[in-house]
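Engineer: Give me coordinates for this.
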Amino acid sequence: MPSKFLRVALVGSALLIASGTASANADLAKAKNCMACHATDKKLVGPSFKDVAAKYAKDSGAEAKLAQKIRAGGSGVWGQVPMPPNPQVSDPEAKTLVKWILSVK
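Structural biologist: Purely as a prediction, here's the structure:
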């Protein structure tokens, strides 16, 4: 009996931690002004995070490429509207954001 309870408690704790991390990264995206141009599931000025995740799902270099793009900006991948540079986003924050973006389903 105690082992069944322990398993349920561990699974519940893992789910809470995972959902807290996802929420924290969405909060980071809001704090760093990503949501001014992007949404999780629909195109705004830029592509949705869901579309970005789908486009880069099989790209082994996506994390580094996208973290660099967040900080330096870029153009031409999603159309004519350029993504401006975001120097207020640190390298560790950019990596955190990219991991979260690539996990959006």
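Engineer: Relative to Ser60, how far out is the nearest residue to Val45 once chain neighbours are set aside?
Structural biologist: Leaving aside its sequence neighbours, Val45 sits nearest to Cys37 (C-beta to C-beta, 6 or more residues apart in numbering; 4.0 Å). C-beta here means a position set from N, CA and C on the backbone, and glycine is covered the same way. Between Cys37 and Ser60 the computed distance is 26 Å (C-beta to C-beta, to the nearest Å).
Engineer: Ala53 too?
Structural biologist: Separation of Ala53 from Ser60 (C-beta to C-beta) stands at 15 Å.
Engineer: When these two are compared, which one has more neighbours?
Structural biologist: Using other C-beta atoms under 10 Å, the more surrounded residue of Ala53 and Ser60 is Ala53, with 19 against 8.
Engineer: wait, that one sits on Lys99?
Structural biologist: No: using C-beta atoms under 8 Å, Ala53 makes no contact with Lys99, being 10.5 Å away.
Engineer: residue ranges of the helices in this structure, please?
Structural biologist: 2-31, 49-55, 62-72, 91-103 (DSSP state H).
Engineer: Confidence-wise, which of those is weakest overall?
Structural biologist: Of all the helices of the chain, the minimum mean pLDDT falls on helix 2-31 (a mean of 59).
Engineer: Look at the residue nearest to Val45 and report its pLDDT.
Structural biologist: Confidence at Cys37, expressed as pLDDT, is 96.
Engineer: What values do phi and psi take at it?
Structural biologist: Main-chain torsions, Cys37, degrees, to the nearest 10: phi -120, psi -20.
Engineer: Please name the residues that touch it.
Structural biologist: 44-46, 83 (C-beta atoms under 8 Å, 6 or more residues apart in numbering).
Engineer: Let's have those in JSON lines, adding neighbour count, distance to Gly73 and pLDDT.
Structural biologist: JSON lines is the format used below for the contacts of Cys37 (neighbours: other C-beta atoms under 10 Å; distance: C-beta to C-beta, whole Å; pLDDT from 0 to 100):
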{"residue": "Leu44", "neighbour count": "11", "distance to Gly73": "17", "pLDDT": "96"}
{"residue": "Val45", "neighbour count": "11", "distance to Gly73": "13", "pLDDT": "96"}
{"residue": "Gly46", "neighbour count": "19", "distance to Gly73": "11", "pLDDT": "96"}
{"residue": "Met83", "neighbour count": "19", "distance to Gly73": "5", "pLDDT": "96"}
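Engineer: Fine by me, thanks again.
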